[in-house]
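Enquirer: Requesting a structural model of the entry that follows:
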Amino acid sequence: MLLDRIDAGCRSELELWGYDRVFSGPQFAELERQVPVRVGGRSHLLDCFDRRALLAVELDGRQHHDSPAQRERDLARDAAVAELGILAVRYAHRRLTTDPRGCREQVLRLAEVRRRQPGDRSQ
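Expert: Numbers count the residues shown, from 1 in each chain. From the prediction side, this is the model:
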């Protein structure tokens, strides 16, 4: 199972931890992991993606998301996927590890709101 996730593109311990301990269970059955999308000729890999809600959930570990340059890269990526109608929400290491329940509940609420919104969800 671990090797399958690594082969599928998991790039950090936080992603693996988040998949197993935060965004797991039947209420997250539609949450796809490591989903590639293309925007403007560039490929982006979404950590978690709810296709019906057009909601991406990003699990931001300390090692790849702390510097100002890395933060700017994340913001540019979020703007790019927004061109596809995808809302990207980011959860930092501290919040994921100290408030996993709050993260889970927020993602479920966001997905519910996004699914109720009119528009094409055929991504």
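
Enquirer: element containing the nearest residue to V57 once chain neighbours are set aside?
Expert: With sequence-adjacent residues excluded and distances taken as Cβ to Cβ, 6 or more residues apart in numbering, V57 is closest to C48, at 3.9 Å. For every residue, glycine as well, the C-beta is placed using N, CA and C. Using DSSP states H and E, C48 falls within strand 42-50.

Enquirer: Direction included, what does that strand pair up with?
Expert: Using DSSP bridges, strand 42-50 pairs in its sheet with strand 31-39 (antiparallel), strand 55-60 (antiparallel).

Enquirer: contact partners of the shortest one?
Expert: Looking back up the chat, that one is strand 55-60. 12, 14-15, 18, 23, 31, 35, 46-50, 74, 81, 86-93, 96, 107, 110-111, 114 (Cβ atoms under 8 Å, 6 or more residues apart in numbering).

Enquirer: what does the model give L14 for pLDDT?
Expert: What the model reports for L14 is a pLDDT of 70.

Enquirer: remind me which residues of the chain are low pLDDT?
Expert: Filtered on pLDDT under 70, the chain yields the residue ranges 1-13, 61-66, 120-123.

Enquirer: Tell me which residue is most central in the protein.
Expert: Geometric centre of the chain, nearest residue: V57, 2.0 Å, by Cα atoms, centre = their mean.

Enquirer: Not counting its neighbours along the chain, what's nearest L31?
Expert: C48 (4.9 Å).

Enquirer: ok so, going back, mind checking which of the strands paired with strand 42-50 is nearest P68?
Expert: Proximity to P68 (Cβ to Cβ) singles out strand 55-60 among these, at 14.1 Å.
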